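**Student:** Fold the following.
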Amino acid sequence: FNESHRLARIGSWDRDLITGVNYWSDEMFRLFGHEPGDADPTWEFFVSHVHPQDRHILAQVRQAALAGPGEVEYRFRFLRADGRKSAPSSMARSLARFPQENPNPVLRVRRDGGVEYANPAAASLWGVSSGMALDPGHAGLLGVVRAALDDATPREGALNYPPRTFHCAVVPYPGRQCANLYGMDITRRVQAEDALRQARDELEQRVAARTRELGEANRQLSHRLAEVQAMEKALRASEDRYRAVVESQTEVICRFRPDGTVIFANETYCRLFGKTLDELMRDTWRPLPVPEDLGRIDRKLAELAPEHPLVVVENRVVDGAGQVRFMQFINRGFFDAHGVLTEVQSVGRDITGRRAAEVALAESERKYRSLVASLEVGILTAAGDGRVDMANDKALEILGVSPDDILGCPMASPPFLLCREDASPMRTEESPLARVFLTHEPQRDITVGVRQDGWEAMRWVSMSVFPEHDARGDLVRVAATLTDVSERRRM
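**Tutor:** Have a look, this model is predicted:
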């Protein structure tokens, strides 16, 4: 209380009109230039500090205060102990003059507990009336009175008269073993303080709980951050290994956007086309293939889709030395969550040698087929699965079939009837065409009869059948030679 007055430069005074005792706050003394308690704050002491020309104001204020309860505000000049003048505002509140009308308890109590005076509020709120002696139920009240009398100084404290709480100021009566006690109902303030304290405790509990939650979240975040950092470190190491592998590949590797812009190429790719990576990334891949192949490349790349992310294209390119090379590119598309193509990775290898070998083989096969077709001996061949895959013109003539009749048919079950030399029909397993598949052994110079519907006479054929095996001994091909010996049989 005194500290708040000091900070605000506010002084307060109080006069008990019953006892005539005056009370000044510490700051009240300081306002008049005195140290607290160094003088008795009597009415005369107060008036002596008021400017002589303003003392009539005090008389008017005193009369207004004595007229009834209420507040009176006034201004006056006063002289400080150090001679300085000042002009503060002051307010007089008259309460003690009318203890009967005071809604708070007012008492005068002796040391032995006898009550010399009690206003109606004391009787209704505390059950204390004039002339009674305080019983043990009022031990708290008597205790604060005796403490003030023992110290001969005013005392303050709180008294509980459930369900109410009161603030009490006890002022010893000079020269007598009794004291005036002024009570004020502070139940609402105490309740507010209790509610505020409870709210503060609950807030502290929530803050502590939230702090623990944040601490746990921070711990988990730190753990997750450490995991992410470890993953990033592993990813960088993996990328370094991947890049080293990519750079050491003999295949050419590049990545490009859907518009063809190159975004990466390995060293092999750069060497093939005689360009640096920066030069390649400033352009698309389209200048590199032979112009006639661009349409076919575009059509194949257009087939890329989330459900079909891989296409293979074989096309010609012009290398850094100006030579045309055949390349095979395996193109893999990458798509976003909406299925839109975002990037293509292309891995290519030089198949110039293979294509040259294929051309040479095709030419050799053409010559071989031309030679076989011109022979006077019939030739039949079958793959390892036993189905006829080639028959020259002489074989078709001898057997009396067309290519559509024989090609693709099982060699062991031909579309014609084979007979023994006595003209009786052969069982399937007797046929040299079938026995070679059963025994994997050559069948040489076996004479069989061939009968077709509509023929006037049986045609006699000398047949040799030869198996071909791979390194593991598996049958991979069968070749049969057919010679018409009908004229020889008739001779």
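**Student:** ranges for the strands of the stretch 101-250 of the chain?
**Tutor:** All strands of the stretch 101-250 of the chain, identified by DSSP state E, counting those that start in this stretch, fall at 106-110, 115-118, 155-161, 164-172, 178-185.
**Student:** Need those strands in TSV (columns: mean pLDDT, distance to residue 489 and mean neighbour count).
**Tutor:** No exception for glycine: its C-beta is placed from N, CA and C like everyone else's. Converted to TSV, the strands of the stretch 101-250 of the chain look like this (pLDDT from 0 to 100; distance: least, C-beta to C-beta, whole Å; neighbours: other C-beta atoms under 10 Å):
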stretch	mean pLDDT	distance to residue 489	mean neighbour count
strand 106-110	92	159	24
strand 115-118	93	161	18
strand 155-161	89	144	16
strand 164-172	90	143	20
strand 178-185	90	147	22
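**Student:** who wins for proximity to residue 442 among these?
**Tutor:** Residue 442 lies closest to strand 164-172 among the strands of the stretch 101-250 of the chain, at 125.7 Å (C-beta to C-beta).
**Student:** Check which helices and strands the closest one sits against.
**Tutor:** The contact analysis (3 or more C-beta pairs under 8 Å, 6 or more residues apart in numbering; DSSP states H and E) places strand 164-172 against helix 139-151, strand 155-161, strand 178-185, helix 187-248.
**Student:** Nearest to residue 431 among these would be which one?
**Tutor:** Nearest to residue 431, of all those, is helix 187-248, at 57.1 Å by C-beta to C-beta.
**Student:** So what are the sheet partners of whatever helix or strand comes next after the closest one and their directions?
**Tutor:** Moving toward the C-terminus from helix 187-248, the next helix or strand (DSSP states H and E) is strand 252-256. Paired strands of strand 252-256, with direction, are strand 262-265 (antiparallel), strand 341-350 (antiparallel) (DSSP bridges).
**Student:** what's strand 252-256 in contact with?
**Tutor:** With contact meaning C-beta atoms under 8 Å, 6 or more residues apart in numbering, strand 252-256 is reached by 246, 262-266, 268-269, 272, 280, 284-285, 327, 343-349.
**Student:** Poorly predicted segments of the chain, please.
**Tutor:** Applying pLDDT under 70 to the chain picks out residues 1-10, 15-20, 62-73, 84-99, 237-249, 368-375, 491.
**Student:** can you do 80?
**Tutor:** Applying pLDDT under 80 to the chain flags the ranges 1-23, 58-76, 78, 81-102, 174-176, 234-250, 361-376, 453-454, 456, 489-491.
**Student:** those helices in the stretch 251-400 of the chain, which residues are they?
**Tutor:** Along the stretch 251-400 of the chain, counting by DSSP state H, counting those that start in this stretch, helices occupy 267-273, 277-281, 294-301, 352-374, 393-399.
**Student:** Buried ones from the contacts of strand 252-256, can you make that a ChimeraX selection?
**Tutor:** Selection of the buried residues among those in ChimeraX, burial being defined by 16 or more other C-beta atoms under 10 Å:
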select :246,262,264,265,266,268,269,272,280,285,327,344,346,347,348
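**Student:** So which of the strands of the stretch 101-250 of the chain is nearest residue 302?
**Tutor:** strand 164-172 (89.3 Å).
**Student:** before we move on, the earlier item: out of the strands paired with strand 252-256, which gets nearest to residue 202?
**Tutor:** When those are ranked by proximity to residue 202, the top entry is strand 341-350, at 54.2 Å, counting by C-beta to C-beta.
**Student:** and that closest one, how far out from the chain's middle?
**Tutor:** For strand 341-350, the distance from its own C-alpha centre to the chain's C-alpha centre is 32 Å (C-alpha atoms, centre = their mean, to the nearest Å).
**Student:** before we move on, what about stretch 191-203?
**Tutor:** 39 Å.
**Student:** go on, stretch 179-191?
**Tutor:** Distance of stretch 179-191 from the chain centroid (C-alpha atoms, centre = their mean) equals 59 Å.
**Student:** One more: stretch 467-485?
**Tutor:** Offset of stretch 467-485 from its chain centre (C-alpha atoms, centre = their mean): 68 Å.
**Student:** going forward can the numbers begin at 50, since that is how I track them
**Tutor:** From this message on, residue numbering opens at 50, which makes the last subject stretch 516-534.
**Student:** how far away is the closest residue to residue 425 other than its chain neighbours from residue 428?
**Tutor:** Distances taken as C-beta to C-beta, 6 or more residues apart in numbering place residue 443 nearest to residue 425, at 6.1 Å, with adjacent residues excluded. Separation of residue 443 from residue 428 (C-beta to C-beta, to the nearest Å): 7 Å.
**Student:** Overlap in contacts, these two.
**Tutor:** Counting by C-beta under 8 Å, 6+ apart, the common neighbours of residue 443 and residue 428 are residue 531.
**Student:** re earlier: let me know how buried the residue nearest to residue 425 is, in neighbour terms.
**Tutor:** For residue 443, the count of nearby residues is 20 (other C-beta atoms under 10 Å).
**Student:** which ones are touching it?
**Tutor:** Counted by C-beta under 8 Å, 6+ apart, residue 443 has contacts 424, 425, 426, 427, 428, 531.
**Student:** just those residues now: which is nearest residue 178?
**Tutor:** Relative to residue 178, the closest of the contacts of residue 443 is residue 428; by C-beta to C-beta it sits at 145.7 Å.
**Student:** Output the strands paired with strand 301-305 as CSV; include the columns distance to residue 525.
**Tutor:** Formatted as CSV, the strands paired with strand 301-305 follow (distance: least, C-beta to C-beta, whole Å):
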stretch, distance to residue 525
strand 311-314, 42
strand 390-399, 28
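**Student:** re earlier: out of the contacts of residue 443, which are buried?
**Tutor:** Among the contacts of residue 443, the ones that count as buried by 16+ other C-beta under 10 Å are 427, 428, 531.
**Student:** Which of the residues you listed fall within strands?
**Tutor:** The strands in this structure, assigned by DSSP state E, contain 427, 428, 531 from the buried ones among the contacts of residue 443.
**Student:** if we take those residues, which one ends up nearest to residue 223?
**Tutor:** Minimum distance to residue 223 across these is 151.1 Å, recorded for residue 428 (C-beta to C-beta).
**Student:** give me the number of residues near the residue nearest to that closest one when sequence neighbours are not counted?
**Tutor:** Nearest residue to residue 428, sequence neighbours excluded (C-beta to C-beta, 6+ apart): residue 441, at 4.6 Å. Neighbourhood size, residue 441 [other C-beta under 10 Å]: 20.
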